[in-house]
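Visitor: The following block contains a protein sequence and its predicted model.
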Amino acid sequence: MEETTDSLKRRTAGTLKWNVIDRVATQLLYAVTGVVLARELSQDDFGLVGAVLIFQAFASLLVDGGFSYALIQRKSPTQTDYSTVLWFNLAMAATLYAAAWAAAPLIAGCFGGDMRLVPLTRVMFLTLVLNASASVQCYRLTKLMDVRMIAVANSLGLVAGAIAGIALALAGAGAWAIVWQSIMVAAVKSATLWMSGSWRPSWTFSFAALRSYMGVGARMMFTSFLNTLFLNIYSFFVGNRVGMTSLGYYTQGDKWSKMGVQSLSQVVSSSFLPALSAVQDDDARMQRLVRRMNRFTAYLLFPATLGLAAVATPVFHALFGTKWDPSIALFQMLLVRGVFTVLNSLYGNYILARGHARAMVWLEILRDGAAILALIATLPQLACSTPADPVAGLRVMLWGQIAASAITWAATLLVAARCTGIRPGAFIADLAPYLALTLLIVPLMFLAGGFTSSPLAACVVECTLAVGIYVGANSLAGSRIQAELFEYLRKKKA
(Lines give C-alpha, C1' and ligand atoms only; values in the text may rest on other atoms or scores of the structure.)
Protein backbone atom coordinates (compact mmCIF):
# COMPACT_ATOMS: atom_id res chain seq x y z
CA MET A 1 0.00 0.00 0.00
CA GLU A 2 2.80 2.40 0.94
CA GLU A 3 4.58 1.83 -2.34
CA THR A 4 1.35 2.51 -4.20
CA THR A 5 0.86 5.72 -2.23
CA ASP A 6 4.40 6.92 -3.00
CA SER A 7 3.94 6.09 -6.68
CA LEU A 8 0.67 8.02 -6.84
CA LYS A 9 2.29 10.97 -5.05
CA ARG A 10 5.17 11.04 -7.56
CA ARG A 11 2.80 10.83 -10.53
CA THR A 12 0.60 13.57 -9.10
CA ALA A 13 3.64 15.77 -8.43
CA GLY A 14 4.93 15.20 -11.96
CA THR A 15 1.52 16.00 -13.43
CA LEU A 16 1.25 19.09 -11.27
CA LYS A 17 4.74 20.23 -12.34
CA TRP A 18 3.95 20.02 -16.05
CA ASN A 19 0.53 21.57 -15.61
CA VAL A 20 2.14 24.50 -13.79
CA ILE A 21 4.80 24.80 -16.50
CA ASP A 22 2.05 24.72 -19.10
CA ARG A 23 0.00 27.38 -17.34
CA VAL A 24 2.97 29.67 -16.67
CA ALA A 25 4.21 29.41 -20.26
CA THR A 26 0.68 29.91 -21.57
CA GLN A 27 0.05 32.99 -19.50
CA LEU A 28 3.43 34.53 -20.32
CA LEU A 29 2.85 34.08 -24.03
CA TYR A 30 -0.73 35.30 -23.77
CA ALA A 31 0.45 38.26 -21.72
CA VAL A 32 3.05 39.34 -24.27
CA THR A 33 0.57 39.02 -27.12
CA GLY A 34 -2.22 40.59 -25.10
CA VAL A 35 -0.18 43.66 -24.22
CA VAL A 36 0.69 44.33 -27.87
CA LEU A 37 -2.89 43.76 -29.02
CA ALA A 38 -4.31 45.92 -26.22
CA ARG A 39 -2.01 48.77 -27.28
CA GLU A 40 -2.69 48.42 -31.02
CA LEU A 41 -6.40 47.54 -31.15
CA SER A 42 -9.40 49.59 -30.06
CA GLN A 43 -12.00 48.89 -27.39
CA ASP A 44 -14.46 48.33 -30.24
CA ASP A 45 -12.23 45.61 -31.78
CA PHE A 46 -12.15 43.70 -28.50
CA GLY A 47 -15.89 44.13 -28.14
CA LEU A 48 -16.50 42.55 -31.57
CA VAL A 49 -14.40 39.49 -30.80
CA GLY A 50 -15.92 39.26 -27.33
CA ALA A 51 -19.37 39.05 -28.91
CA VAL A 52 -18.30 36.14 -31.15
CA LEU A 53 -16.63 34.33 -28.25
CA ILE A 54 -19.92 34.21 -26.33
CA PHE A 55 -21.44 31.88 -28.93
CA GLN A 56 -18.21 30.00 -29.59
CA ALA A 57 -18.00 29.03 -25.90
CA PHE A 58 -21.35 27.23 -26.09
CA ALA A 59 -20.45 25.51 -29.36
CA SER A 60 -17.14 24.26 -27.92
CA LEU A 61 -19.03 22.78 -25.00
CA LEU A 62 -21.39 20.85 -27.28
CA VAL A 63 -18.44 19.44 -29.23
CA ASP A 64 -16.97 17.90 -26.08
CA GLY A 65 -20.27 16.54 -24.84
CA GLY A 66 -18.90 16.10 -21.32
CA PHE A 67 -16.82 13.10 -22.41
CA SER A 68 -13.54 14.61 -21.23
CA TYR A 69 -14.73 14.29 -17.62
CA ALA A 70 -16.14 10.83 -18.25
CA LEU A 71 -12.93 9.50 -19.84
CA ILE A 72 -10.75 10.86 -17.04
CA GLN A 73 -13.13 9.64 -14.32
CA ARG A 74 -13.23 6.07 -15.70
CA LYS A 75 -10.40 3.88 -14.44
CA SER A 76 -9.50 2.04 -17.68
CA PRO A 77 -10.83 3.49 -20.97
CA THR A 78 -10.29 1.23 -24.00
CA GLN A 79 -9.05 1.92 -27.52
CA THR A 80 -12.66 1.72 -28.69
CA ASP A 81 -13.70 4.28 -26.07
CA TYR A 82 -11.08 6.80 -27.17
CA SER A 83 -11.81 6.27 -30.87
CA THR A 84 -15.55 6.62 -30.42
CA VAL A 85 -15.22 9.87 -28.53
CA LEU A 86 -12.87 11.30 -31.17
CA TRP A 87 -15.25 10.53 -34.06
CA PHE A 88 -18.18 11.91 -32.06
CA ASN A 89 -16.32 15.15 -31.32
CA LEU A 90 -15.30 15.65 -34.94
CA ALA A 91 -18.83 15.01 -36.21
CA MET A 92 -20.28 17.46 -33.69
CA ALA A 93 -17.67 20.08 -34.58
CA ALA A 94 -18.42 19.86 -38.29
CA THR A 95 -22.18 20.05 -37.68
CA LEU A 96 -21.88 23.06 -35.39
CA TYR A 97 -19.56 24.85 -37.79
CA ALA A 98 -22.14 24.50 -40.56
CA ALA A 99 -24.82 25.80 -38.19
CA ALA A 100 -22.64 28.76 -37.18
CA TRP A 101 -22.02 29.66 -40.82
CA ALA A 102 -25.77 29.85 -41.45
CA ALA A 103 -26.55 31.60 -38.15
CA ALA A 104 -23.86 34.31 -38.42
CA PRO A 105 -26.35 37.03 -39.49
CA LEU A 106 -28.56 36.14 -36.51
CA ILE A 107 -25.60 36.55 -34.18
CA ALA A 108 -24.98 39.99 -35.64
CA GLY A 109 -28.65 40.79 -35.03
CA CYS A 110 -28.17 40.24 -31.29
CA PHE A 111 -25.74 43.17 -31.23
CA GLY A 112 -27.57 45.88 -33.09
CA GLY A 113 -27.19 44.30 -36.53
CA ASP A 114 -23.43 44.92 -36.66
CA MET A 115 -22.64 43.01 -39.87
CA ARG A 116 -18.91 43.04 -39.15
CA LEU A 117 -19.69 40.06 -36.93
CA VAL A 118 -20.74 37.83 -39.84
CA PRO A 119 -17.32 37.13 -41.43
CA LEU A 120 -15.64 37.18 -38.02
CA THR A 121 -17.99 34.45 -36.80
CA ARG A 122 -17.56 32.27 -39.87
CA VAL A 123 -13.77 32.25 -39.58
CA MET A 124 -13.49 32.10 -35.78
CA PHE A 125 -15.69 29.00 -35.57
CA LEU A 126 -13.08 27.02 -37.54
CA THR A 127 -11.35 26.60 -34.17
CA LEU A 128 -14.14 24.17 -33.24
CA VAL A 129 -12.96 21.59 -35.77
CA LEU A 130 -9.28 22.16 -35.00
CA ASN A 131 -9.75 21.79 -31.24
CA ALA A 132 -11.98 18.73 -31.68
CA SER A 133 -9.22 16.99 -33.65
CA ALA A 134 -6.86 17.30 -30.66
CA SER A 135 -9.38 16.58 -27.90
CA VAL A 136 -8.84 12.86 -27.34
CA GLN A 137 -5.07 13.21 -27.52
CA CYS A 138 -5.34 15.61 -24.58
CA TYR A 139 -7.80 13.42 -22.66
CA ARG A 140 -5.59 10.36 -23.06
CA LEU A 141 -2.40 12.08 -21.90
CA THR A 142 -4.23 13.65 -18.96
CA LYS A 143 -5.64 10.26 -17.98
CA LEU A 144 -2.15 8.75 -18.09
CA MET A 145 -0.90 11.71 -15.99
CA ASP A 146 1.67 12.36 -18.74
CA VAL A 147 0.95 15.96 -19.71
CA ARG A 148 4.41 17.05 -20.86
CA MET A 149 3.49 17.07 -24.56
CA ILE A 150 0.28 18.96 -23.84
CA ALA A 151 2.41 21.72 -22.34
CA VAL A 152 4.77 21.66 -25.34
CA ALA A 153 1.90 21.71 -27.85
CA ASN A 154 0.17 24.59 -26.06
CA SER A 155 3.39 26.62 -26.03
CA LEU A 156 4.14 26.03 -29.70
CA GLY A 157 0.57 26.96 -30.62
CA LEU A 158 0.75 30.14 -28.60
CA VAL A 159 4.05 31.17 -30.18
CA ALA A 160 2.57 30.70 -33.67
CA GLY A 161 -0.59 32.55 -32.63
CA ALA A 162 1.44 35.39 -31.13
CA ILE A 163 3.41 35.86 -34.34
CA ALA A 164 0.25 35.90 -36.46
CA GLY A 165 -1.74 38.12 -34.10
CA ILE A 166 0.97 40.71 -33.52
CA ALA A 167 1.86 40.91 -37.21
CA LEU A 168 -1.76 41.47 -38.20
CA ALA A 169 -2.34 44.00 -35.41
CA LEU A 170 0.69 46.04 -36.50
CA ALA A 171 -0.58 45.83 -40.08
CA GLY A 172 -3.88 47.40 -39.05
CA ALA A 173 -6.09 44.31 -39.34
CA GLY A 174 -8.17 45.23 -36.27
CA ALA A 175 -10.33 42.45 -34.80
CA TRP A 176 -9.04 40.00 -37.44
CA ALA A 177 -5.70 39.92 -35.59
CA ILE A 178 -7.39 38.19 -32.63
CA VAL A 179 -9.35 35.82 -34.88
CA TRP A 180 -6.32 34.56 -36.79
CA GLN A 181 -4.33 34.33 -33.58
CA SER A 182 -6.96 31.86 -32.30
CA ILE A 183 -6.88 29.85 -35.54
CA MET A 184 -3.10 29.48 -35.43
CA VAL A 185 -3.07 28.45 -31.77
CA ALA A 186 -5.59 25.65 -32.37
CA ALA A 187 -3.98 24.44 -35.63
CA VAL A 188 -0.42 24.21 -34.31
CA LYS A 189 -1.47 22.60 -31.03
CA SER A 190 -3.43 19.89 -32.82
CA ALA A 191 -0.64 19.22 -35.33
CA THR A 192 1.97 18.96 -32.56
CA LEU A 193 -0.06 16.44 -30.54
CA TRP A 194 -0.72 14.22 -33.55
CA MET A 195 2.88 14.29 -34.78
CA SER A 196 4.42 13.67 -31.34
CA GLY A 197 1.96 11.08 -30.01
CA SER A 198 1.89 7.37 -30.75
CA TRP A 199 -1.84 6.90 -30.30
CA ARG A 200 -3.99 6.55 -33.42
CA PRO A 201 -7.75 5.97 -33.52
CA SER A 202 -9.37 2.82 -34.80
CA TRP A 203 -11.85 3.03 -37.64
CA THR A 204 -14.61 1.99 -35.26
CA PHE A 205 -17.54 3.71 -33.62
CA SER A 206 -19.31 1.99 -30.75
CA PHE A 207 -22.73 3.21 -29.72
CA ALA A 208 -22.43 0.93 -26.71
CA ALA A 209 -19.24 2.72 -25.64
CA LEU A 210 -20.89 6.10 -26.23
CA ARG A 211 -23.91 5.11 -24.15
CA SER A 212 -21.65 3.93 -21.33
CA TYR A 213 -20.30 7.48 -21.02
CA MET A 214 -23.66 9.17 -21.39
CA GLY A 215 -24.48 9.08 -17.67
CA VAL A 216 -21.48 11.04 -16.41
CA GLY A 217 -20.94 12.78 -19.75
CA ALA A 218 -24.47 14.13 -20.12
CA ARG A 219 -24.60 15.37 -16.55
CA MET A 220 -21.22 17.03 -16.84
CA MET A 221 -22.11 18.56 -20.21
CA PHE A 222 -25.28 20.00 -18.69
CA THR A 223 -23.24 21.25 -15.75
CA SER A 224 -20.66 22.77 -18.10
CA PHE A 225 -23.44 24.28 -20.22
CA LEU A 226 -24.83 26.06 -17.19
CA ASN A 227 -21.30 27.09 -16.18
CA THR A 228 -20.65 28.50 -19.65
CA LEU A 229 -23.97 30.34 -19.52
CA PHE A 230 -22.97 31.70 -16.13
CA LEU A 231 -19.63 32.97 -17.49
CA ASN A 232 -20.90 34.48 -20.75
CA ILE A 233 -24.34 35.85 -20.03
CA TYR A 234 -22.81 39.06 -18.66
CA SER A 235 -20.90 39.73 -21.87
CA PHE A 236 -24.10 39.24 -23.85
CA PHE A 237 -26.09 41.77 -21.84
CA VAL A 238 -23.23 44.27 -21.75
CA GLY A 239 -22.86 44.15 -25.53
CA ASN A 240 -26.61 44.10 -26.10
CA ARG A 241 -27.53 46.86 -23.61
CA VAL A 242 -24.50 49.15 -23.39
CA GLY A 243 -22.52 48.67 -26.62
CA MET A 244 -19.23 47.40 -27.99
CA THR A 245 -17.00 49.94 -26.23
CA SER A 246 -18.22 48.96 -22.75
CA LEU A 247 -18.05 45.30 -23.80
CA GLY A 248 -14.44 45.93 -24.83
CA TYR A 249 -13.61 47.23 -21.35
CA TYR A 250 -15.37 44.26 -19.77
CA THR A 251 -13.61 41.84 -22.14
CA GLN A 252 -10.20 43.19 -21.14
CA GLY A 253 -10.93 42.96 -17.43
CA ASP A 254 -12.37 39.49 -17.86
CA LYS A 255 -9.52 38.26 -20.06
CA TRP A 256 -6.74 39.35 -17.74
CA SER A 257 -8.50 38.06 -14.64
CA LYS A 258 -9.17 34.70 -16.29
CA MET A 259 -5.49 34.29 -17.10
CA GLY A 260 -4.91 33.74 -13.40
CA VAL A 261 -8.21 32.23 -12.32
CA GLN A 262 -8.58 29.69 -15.14
CA SER A 263 -4.94 28.71 -14.86
CA LEU A 264 -5.37 27.80 -11.21
CA SER A 265 -8.67 26.06 -11.91
CA GLN A 266 -7.21 24.02 -14.79
CA VAL A 267 -4.12 23.06 -12.79
CA VAL A 268 -6.36 21.87 -9.97
CA SER A 269 -8.64 19.84 -12.28
CA SER A 270 -5.96 18.37 -14.55
CA SER A 271 -3.58 17.48 -11.72
CA PHE A 272 -5.92 16.33 -8.97
CA LEU A 273 -8.87 14.55 -10.62
CA PRO A 274 -6.85 11.57 -11.95
CA ALA A 275 -5.25 11.09 -8.53
CA LEU A 276 -8.60 11.34 -6.75
CA SER A 277 -10.14 8.83 -9.15
CA ALA A 278 -7.33 6.38 -8.34
CA VAL A 279 -8.23 6.38 -4.62
CA GLN A 280 -11.99 6.83 -4.90
CA ASP A 281 -12.66 3.46 -3.19
CA ASP A 282 -10.33 4.08 -0.21
CA ASP A 283 -11.95 6.50 2.24
CA ALA A 284 -8.91 7.09 4.43
CA ARG A 285 -6.54 7.84 1.54
CA MET A 286 -9.18 9.96 -0.12
CA GLN A 287 -9.62 12.10 2.98
CA ARG A 288 -5.87 12.60 3.44
CA LEU A 289 -5.53 13.58 -0.20
CA VAL A 290 -8.45 16.01 -0.02
CA ARG A 291 -7.01 17.83 3.01
CA ARG A 292 -3.63 18.20 1.30
CA MET A 293 -5.27 19.46 -1.88
CA ASN A 294 -7.29 22.00 0.11
CA ARG A 295 -4.17 23.41 1.72
CA PHE A 296 -2.07 23.40 -1.46
CA THR A 297 -4.81 25.21 -3.40
CA ALA A 298 -5.27 27.79 -0.64
CA TYR A 299 -1.50 28.34 -0.45
CA LEU A 300 -1.46 29.38 -4.13
CA LEU A 301 -4.95 30.79 -4.61
CA PHE A 302 -5.23 33.62 -2.10
CA PRO A 303 -1.89 35.37 -2.69
CA ALA A 304 -2.21 34.90 -6.48
CA THR A 305 -5.71 36.39 -6.81
CA LEU A 306 -5.96 38.93 -3.99
CA GLY A 307 -2.34 39.98 -4.37
CA LEU A 308 -2.87 40.56 -8.09
CA ALA A 309 -5.97 42.61 -7.32
CA ALA A 310 -3.88 44.77 -4.97
CA VAL A 311 -1.27 45.51 -7.62
CA ALA A 312 -3.80 45.95 -10.47
CA THR A 313 -3.45 49.70 -11.01
CA PRO A 314 0.35 49.84 -11.40
CA VAL A 315 0.25 46.69 -13.55
CA PHE A 316 -2.30 48.18 -15.96
CA HIS A 317 -0.46 51.49 -16.09
CA ALA A 318 2.90 49.81 -16.70
CA LEU A 319 1.47 47.69 -19.52
CA PHE A 320 -1.13 49.92 -21.19
CA GLY A 321 -0.75 53.45 -19.87
CA THR A 322 -4.19 54.87 -19.02
CA LYS A 323 -6.02 53.52 -22.09
CA TRP A 324 -7.78 50.70 -20.17
CA ASP A 325 -8.29 52.41 -16.78
CA PRO A 326 -12.06 51.67 -16.71
CA SER A 327 -11.16 47.95 -16.83
CA ILE A 328 -9.11 48.04 -13.60
CA ALA A 329 -12.03 47.93 -11.14
CA LEU A 330 -13.70 45.19 -13.21
CA PHE A 331 -10.46 43.21 -13.20
CA GLN A 332 -10.20 43.43 -9.41
CA MET A 333 -13.81 42.40 -8.85
CA LEU A 334 -13.52 39.49 -11.27
CA LEU A 335 -10.47 38.25 -9.37
CA VAL A 336 -12.46 38.24 -6.14
CA ARG A 337 -15.21 36.26 -7.85
CA GLY A 338 -12.49 34.00 -9.24
CA VAL A 339 -11.54 32.87 -5.72
CA PHE A 340 -14.94 31.20 -5.45
CA THR A 341 -14.61 29.82 -8.99
CA VAL A 342 -11.37 27.99 -8.18
CA LEU A 343 -12.67 26.63 -4.88
CA ASN A 344 -15.86 25.40 -6.55
CA SER A 345 -13.75 23.67 -9.20
CA LEU A 346 -11.63 22.03 -6.49
CA TYR A 347 -14.66 20.80 -4.55
CA GLY A 348 -16.25 19.64 -7.79
CA ASN A 349 -13.28 17.31 -8.29
CA TYR A 350 -13.99 15.66 -4.95
CA ILE A 351 -17.66 15.22 -5.79
CA LEU A 352 -16.97 13.90 -9.29
CA ALA A 353 -14.24 11.50 -8.10
CA ARG A 354 -16.86 9.92 -5.85
CA GLY A 355 -19.12 9.49 -8.88
CA HIS A 356 -21.77 12.00 -7.78
CA ALA A 357 -22.24 13.70 -11.15
CA ARG A 358 -25.92 14.25 -10.37
CA ALA A 359 -24.96 16.44 -7.40
CA MET A 360 -22.80 18.53 -9.72
CA VAL A 361 -25.83 19.20 -11.91
CA TRP A 362 -27.90 20.42 -8.98
CA LEU A 363 -25.07 22.58 -7.71
CA GLU A 364 -24.69 24.14 -11.13
CA ILE A 365 -28.42 24.82 -11.23
CA LEU A 366 -28.14 26.49 -7.83
CA ARG A 367 -25.17 28.57 -8.94
CA ASP A 368 -26.80 29.73 -12.13
CA GLY A 369 -30.10 30.37 -10.36
CA ALA A 370 -28.34 32.61 -7.84
CA ALA A 371 -26.39 34.32 -10.63
CA ILE A 372 -29.51 34.96 -12.71
CA LEU A 373 -31.39 36.38 -9.73
CA ALA A 374 -28.45 38.69 -9.04
CA LEU A 375 -28.32 39.66 -12.71
CA ILE A 376 -32.05 40.43 -12.80
CA ALA A 377 -31.68 42.56 -9.69
CA THR A 378 -28.74 44.55 -11.07
CA LEU A 379 -29.60 44.61 -14.81
CA PRO A 380 -31.43 47.96 -14.63
CA GLN A 381 -28.23 49.48 -13.23
CA LEU A 382 -26.40 48.86 -16.52
CA ALA A 383 -28.06 52.06 -17.69
CA CYS A 384 -25.87 53.93 -15.18
CA SER A 385 -22.98 53.55 -17.62
CA THR A 386 -22.18 56.82 -19.40
CA PRO A 387 -19.47 57.98 -21.82
CA ALA A 388 -17.70 59.57 -18.83
CA ASP A 389 -17.91 56.30 -16.82
CA PRO A 390 -18.63 53.47 -19.28
CA VAL A 391 -18.43 50.74 -16.61
CA ALA A 392 -20.49 52.23 -13.76
CA GLY A 393 -23.37 49.82 -14.30
CA LEU A 394 -20.97 46.93 -14.80
CA ARG A 395 -19.52 47.40 -11.32
CA VAL A 396 -22.97 47.08 -9.76
CA MET A 397 -23.60 43.94 -11.81
CA LEU A 398 -20.35 42.36 -10.63
CA TRP A 399 -21.08 43.03 -6.94
CA GLY A 400 -24.23 41.00 -7.40
CA GLN A 401 -22.26 38.19 -9.01
CA ILE A 402 -19.72 38.11 -6.18
CA ALA A 403 -22.57 37.66 -3.70
CA ALA A 404 -24.10 34.87 -5.81
CA SER A 405 -20.72 33.12 -6.09
CA ALA A 406 -20.25 33.20 -2.31
CA ILE A 407 -23.64 31.51 -1.80
CA THR A 408 -22.77 28.79 -4.31
CA TRP A 409 -19.38 28.19 -2.70
CA ALA A 410 -21.04 27.55 0.67
CA ALA A 411 -23.44 25.01 -0.87
CA THR A 412 -20.67 23.24 -2.81
CA LEU A 413 -18.54 23.01 0.31
CA LEU A 414 -21.37 21.29 2.19
CA VAL A 415 -21.89 18.74 -0.60
CA ALA A 416 -18.14 18.06 -0.91
CA ALA A 417 -17.90 17.58 2.85
CA ARG A 418 -20.70 15.04 2.77
CA CYS A 419 -19.20 13.16 -0.20
CA THR A 420 -15.74 12.91 1.38
CA GLY A 421 -16.79 12.38 5.00
CA ILE A 422 -14.80 15.43 6.14
CA ARG A 423 -16.39 18.03 8.38
CA PRO A 424 -17.16 21.41 6.74
CA GLY A 425 -15.18 23.07 9.51
CA ALA A 426 -12.09 21.15 8.43
CA PHE A 427 -12.45 22.58 4.91
CA ILE A 428 -12.58 26.09 6.37
CA ALA A 429 -9.62 25.37 8.64
CA ASP A 430 -7.53 24.33 5.62
CA LEU A 431 -8.19 27.69 3.94
CA ALA A 432 -8.19 30.11 6.85
CA PRO A 433 -4.43 30.54 7.60
CA TYR A 434 -3.53 31.38 4.01
CA LEU A 435 -6.50 33.73 3.56
CA ALA A 436 -5.75 35.55 6.82
CA LEU A 437 -2.08 36.01 5.96
CA THR A 438 -2.93 37.34 2.50
CA LEU A 439 -5.46 39.83 3.91
CA LEU A 440 -2.77 41.13 6.26
CA ILE A 441 -0.30 41.57 3.39
CA VAL A 442 -2.62 43.36 0.93
CA PRO A 443 -2.79 46.71 2.86
CA LEU A 444 1.00 46.67 3.15
CA MET A 445 1.21 46.32 -0.65
CA PHE A 446 -0.97 49.41 -1.16
CA LEU A 447 1.14 51.32 1.36
CA ALA A 448 4.46 50.31 -0.25
CA GLY A 449 3.25 51.23 -3.73
CA GLY A 450 2.53 54.79 -2.63
CA PHE A 451 6.24 55.56 -2.14
CA THR A 452 6.96 55.70 -5.89
CA SER A 453 5.29 57.34 -8.88
CA SER A 454 6.66 54.79 -11.34
CA PRO A 455 4.12 52.03 -12.13
CA LEU A 456 6.87 49.52 -12.89
CA ALA A 457 8.74 50.31 -9.68
CA ALA A 458 5.50 50.02 -7.71
CA CYS A 459 4.87 46.56 -9.20
CA VAL A 460 8.36 45.39 -8.24
CA VAL A 461 8.23 46.83 -4.72
CA GLU A 462 4.74 45.53 -3.91
CA CYS A 463 5.32 42.03 -5.30
CA THR A 464 8.75 41.65 -3.66
CA LEU A 465 7.35 42.73 -0.31
CA ALA A 466 4.35 40.41 -0.60
CA VAL A 467 6.36 37.33 -1.60
CA GLY A 468 8.96 37.93 1.11
CA ILE A 469 6.38 38.30 3.88
CA TYR A 470 4.24 35.39 2.64
CA VAL A 471 7.08 32.89 2.30
CA GLY A 472 8.73 34.07 5.51
CA ALA A 473 5.53 33.88 7.56
CA ASN A 474 4.74 30.40 6.26
CA SER A 475 8.26 29.27 7.14
CA LEU A 476 7.95 30.63 10.69
CA ALA A 477 4.52 28.99 11.04
CA GLY A 478 5.94 25.64 9.89
CA SER A 479 3.73 25.26 6.81
CA ARG A 480 4.05 21.65 5.65
CA ILE A 481 2.67 22.51 2.22
CA GLN A 482 5.37 25.13 1.61
CA ALA A 483 8.08 22.86 3.02
CA GLU A 484 7.03 19.98 0.78
CA LEU A 485 6.82 22.26 -2.25
CA PHE A 486 10.33 23.62 -1.68
CA GLU A 487 11.67 20.12 -1.01
CA TYR A 488 10.18 18.90 -4.26
CA LEU A 489 11.72 21.80 -6.16
CA ARG A 490 15.13 21.19 -4.57
CA LYS A 491 15.05 17.50 -5.54
CA LYS A 492 14.14 18.36 -9.11
CA LYS A 493 16.95 20.91 -9.30
CA ALA A 494 19.43 18.36 -7.94
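Guide: Cool, the structure landed.
Visitor: From now on I want contacts and neighbour counts done on CA atoms only, so please keep to that.
Guide: Will do.
Visitor: List the buried residues for the one helix or strand Leu301 maps to?
Guide: Assessed by DSSP states H and E, Leu301 sits inside helix 283-310. Buried residues in helix 283-310, defined by neighbour count with 16 or more other Cα atoms under 10 Å: 286-287, 289-291, 293-299, 301-310.
Visitor: What is the distance between it and the centre of its chain?
Guide: Relative to its chain's centre, helix 283-310 lies at 16 Å (Cα atoms, centre = their mean, to the nearest Å).
Visitor: phi, psi of Asp114?
Guide: Phi and psi for Asp114, reported as degrees, to the nearest 10, are phi -70, psi 100.
Visitor: what sits against it?
Guide: Ala108 (Cα atoms under 8 Å, 6 or more residues apart in numbering).
Visitor: Check the average confidence over the helix holding Leu301, would you?
Guide: The predicted model assigns helix 283-310 a mean pLDDT of 87.
Visitor: The chain should start at 91 in everything you say after this.
Guide: Will do, 91 is the new start, and the previous item becomes helix 373-400.
Visitor: Would you mind pulling up the elements that that helix packs against?
Guide: Contacts defined by 3 or more Cα pairs under 8 Å, 6 or more residues apart in numbering; DSSP states H and E place helix 373-400 against helix 334-368, helix 416-443, helix 482-510, helix 514-539, helix 570-583.
Visitor: how about those, which one is nearest Val405?
Guide: helix 416-443 (9.5 Å; Cα to Cα).
Visitor: check which helix or strand covers Asp479.
Guide: Applying DSSP H and E, one finds Asp479 in no helix or strand.
Visitor: from the middle of its chain, how far away would stretch 288-297 be?
Guide: Worked out by Cα atoms, centre = their mean, stretch 288-297 lies 29 Å from the chain centre.
Visitor: first to last residue in that stretch, what's the distance?
Guide: 25 Å (Cα to Cα, to the nearest Å).
Visitor: what do you get for stretch 407-424?
Guide: So stretch 407-424: terminal residues 18 Å apart, Cα to Cα.
Visitor: With distance to Phe410 as extra columns, can I get the helices and strands packed on helix 373-400 in CSV?
Guide: Converted to CSV, those look like this (distance: least, Cα to Cα, whole Å):
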stretch, distance to Phe410
helix 334-368, 11
helix 416-443, 11
helix 482-510, 21
helix 514-539, 18
helix 570-583, 34
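Visitor: Could you dump those into a markdown table with distance to Ala149 and mean neighbour count added?
Guide: Formatted as a markdown table, the helices and strands packed on helix 373-400 follow (distance: least, Cα to Cα, whole Å; neighbours: other Cα atoms under 10 Å):
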| stretch | distance to Ala149 | mean neighbour count |
| --- | --- | --- |
| helix 334-368 | 19 | 22 |
| helix 416-443 | 21 | 23 |
| helix 482-510 | 24 | 20 |
| helix 514-539 | 35 | 16 |
| helix 570-583 | 39 | 12 |
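Visitor: Of all the ones you listed, which one comes closest to Pro545?
Guide: Per Cα to Cα, nearest to Pro545 of the helices and strands packed on helix 373-400: helix 514-539, 8.5 Å.
Visitor: right, and the helix or strand after the closest one?
Guide: Counting by DSSP H and E, what follows helix 514-539 is helix 545-567.
Visitor: List of residues touching that next one?
Guide: In contact with helix 545-567 (Cα under 8 Å, 6+ apart) are residues 397, 401, 403-405, 407-408, 527-528, 531-532, 535-536, 538-542, 572-573.
Visitor: Could you check how far Gly343 is from Ser336?
Guide: Taking Cα to Cα, one finds Gly343 at 11 Å from Ser336.
Visitor: same thing with Pro167?
Guide: Distance from Pro167 to Ser336, by Cα to Cα: 46 Å.
Visitor: Repeat that for Leu258.
Guide: Distance of Leu258 to Ser336, computed by Cα to Cα: 24 Å.
Visitor: what's the answer for Cys549, then?
Guide: Taken as Cα to Cα, the span from Cys549 to Ser336 is 27 Å.
Visitor: Can you tell me the closest non-neighbouring residue to the most centrally placed residue in the chain?
Guide: Centroid check for the chain by Cα atoms, centre = their mean gives Gln352 as the closest residue, at 2.2 Å. Nearest-residue entry for Gln352: Val432, 7.7 Å, with adjacent residues in sequence omitted and distances by Cα to Cα, 6 or more residues apart in numbering.
Visitor: thinking the one you found is in contact with Gly350, fair?
Guide: No. Applying Cα atoms under 8 Å as the test, Val432 and Gly350 come out as separate, 10.1 Å apart.
Visitor: Enumerate every residue touching Ala252.
Guide: Leu119, Tyr120, Thr123, Gln271.
Visitor: Go again with 6 Å.
Guide: Thr123 (Cα atoms under 6 Å, 6 or more residues apart in numbering).
Visitor: what angle do the helix holding Leu391 and helix 545-567 make?
Guide: 150 degrees (axes from the mean of the first three to the mean of the last three Cα atoms, to 10 degrees).
Visitor: Give me the angle between helix 373-400 and helix 482-510.
Guide: Using the same axes, to 10 degrees: helix 373-400 against helix 482-510 is 170 degrees.
Visitor: Show the secondary-structure elements that the helix or strand just after helix 373-400 is packed against.
Guide: Per DSSP H and E, the first helix or strand lying C-terminal to helix 373-400 is helix 402-410. Other helices and strands packing on helix 402-410, by 3 or more Cα pairs under 6 Å, 6 or more residues apart in numbering; DSSP states H and E, are helix 545-567.
Visitor: make it 10 Å
Guide: Packing partners of helix 402-410 (3 or more Cα pairs under 10 Å, 6 or more residues apart in numbering; DSSP states H and E): helix 92-130, helix 373-400, helix 416-443, helix 545-567.
Visitor: Make CSV out of those helices and add distance to Leu463.
Guide: Formatted as CSV, the helices and strands packed on helix 402-410 follow (distance: least, Cα to Cα, whole Å):
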stretch, distance to Leu463
helix 92-130, 33
helix 373-400, 26
helix 416-443, 16
helix 545-567, 37
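Visitor: Determine which of those helices approaches Arg457 most closely.
Guide: Closest among those, once you apply Cα to Cα, is helix 416-443, at 10.1 Å.
Visitor: now the closest one, how far from the centre of its chain.
Guide: For helix 416-443, the distance to the chain centre is 9 Å (Cα atoms, centre = their mean).
Visitor: what's the answer for stretch 472-482, then?
Guide: Relative to the centre of its chain, stretch 472-482 is centred 28 Å away, using Cα atoms, centre = their mean.
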